[in-house]
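>>> could you look at this predicted model? Sequence included:
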Amino acid sequence: MDPARLRIGIDLGGTKIAGIALDAGGAVRAEARIPTPRNDYDATLDAIVALVRRLERDAGGVGSVGIGMPGAITPGSGLVKNANSVWLNGRPFVIDIEARLGRPVRAENDANCLAVSEAVDGAGAGARVVWAIILGTGVGSGIAIDGVALSGANRIAGEWGHNPLPAPRDDERPGPSCYCGRQGCIETWLSGPGLAADHARRVGAPAVTGEAVIAAARAGDAIASGSITRYRERLARSIAGVINILDPDMVVLGGGLSTVPELTADLDALLLPHVFSDECRTPIRVSHHGDASGVRGAAWLWGIPA
């Protein structure tokens, strides 16, 4: 393989680090996953470097390296901020990786990598502006324009989950407390734990899991079905707020909850009352690449080779 055409992507998660090597057409030449050395910054750097070298050895070339990561790189200082993998915060992560690898590295928030992946060759292929949402243990989003991540002046473009739930009702104020220090963040309502906590408040019992709420609804439990209905309506409100500002060509849903049709299918009718238009043509699709989207998007941070 021509090494100039190899793209290495790394997806740094809280529990695992995924890696992939893609050729010019997006075909997988090598891939691997390893555990994340939690709470150990230097061990995390060493693990990423070892994974890159392993992928290049398996793929038979030396390629560009892109990394999807929690949080963002602060402009100017190059230090990590807003990462829920807290051992990265305040550290010159990219600078240190570059020093160890001896070459330039590009890094973006993991939700931005999802957006890039789906815009390049996923559910949003052919759409100019793609807004990608992660619905999982946490809630985030990223934006890709012409297949390139939009980072923003403060590197917080797409930080959707830590905005207030739009148009809160009386029983939604002030909202649950969020780890960020605010109350009523979108993440506290639309994450898996948020769904479970909302259900627990209704039944007056200790919180179960989001999966358990979904299973109960499928079994005909009326209270669980009500929790699903509230989730969908809140999701529609929250998506509509961004459509009113960004008006993307495509919305792509990723993360574990996106694969649950009871939560995410057929949102159009719920969106329309909150969109500032007499119609809403914005397609909403589930990610094409699933949990591989983040690592593929990281690889495409260097662009698609001609």
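Right, received. Where do you want to start?

>>> nearest residue to the one residue sitting closest to the centre of the chain in space, ignoring adjacent ones along the chain?
Central residue of the chain (Cα atoms, centre = their mean): A111, 3.1 Å from the mean position. Leaving aside its sequence neighbours, A111 sits nearest to G142 (Cβ to Cβ, 6 or more residues apart in numbering; 3.6 Å). For the C-beta atoms, the positions are set from N, CA and C on the backbone; glycine is no exception.

>>> what is the lengthiest helix in the chain packed up against?
If you go by DSSP state H, the chain has its longest helix at helix 222-246. Packing partners of helix 222-246 (3 or more Cβ pairs under 8 Å, 6 or more residues apart in numbering; DSSP states H and E): strand 129-135, helix 186-190, helix 192-203, helix 210-218, helix 261-264, helix 268-271.

>>> what's the closest of these to E159?
Evaluated with Cβ to Cβ, those place helix 186-190 nearest to E159, the distance being 10.1 Å.

>>> can you give the distance of that closest one from its chain's centre?
Distance of helix 186-190 from its chain centroid, counting by Cα atoms, centre = their mean, to the nearest Å, is 14 Å.

>>> same question, stretch 185-193
On Cα atoms, centre = their mean, the centre of stretch 185-193 falls 14 Å from the chain's centre.

>>> ok, stretch 16-25 next?
Distance, stretch centre to chain centre, for stretch 16-25: 17 Å (Cα atoms, centre = their mean).

>>> pull the number of nearby residues for A107.
A107 has 24 neighbouring residues, counting by other Cβ atoms under 10 Å.

>>> and it, bridged to which residues?
I67 (DSSP bridges).

>>> mind listing what it touches?
Counting by Cβ atoms under 8 Å, 6 or more residues apart in numbering, A107 makes contact with G66, I67, G68, M69, I73, F93, V94, I97, L301.

>>> the last one touches N109, doesn't it?
No - because the distance of 11.0 Å does not satisfy Cβ atoms under 8 Å, L301 is recorded as not touching N109.
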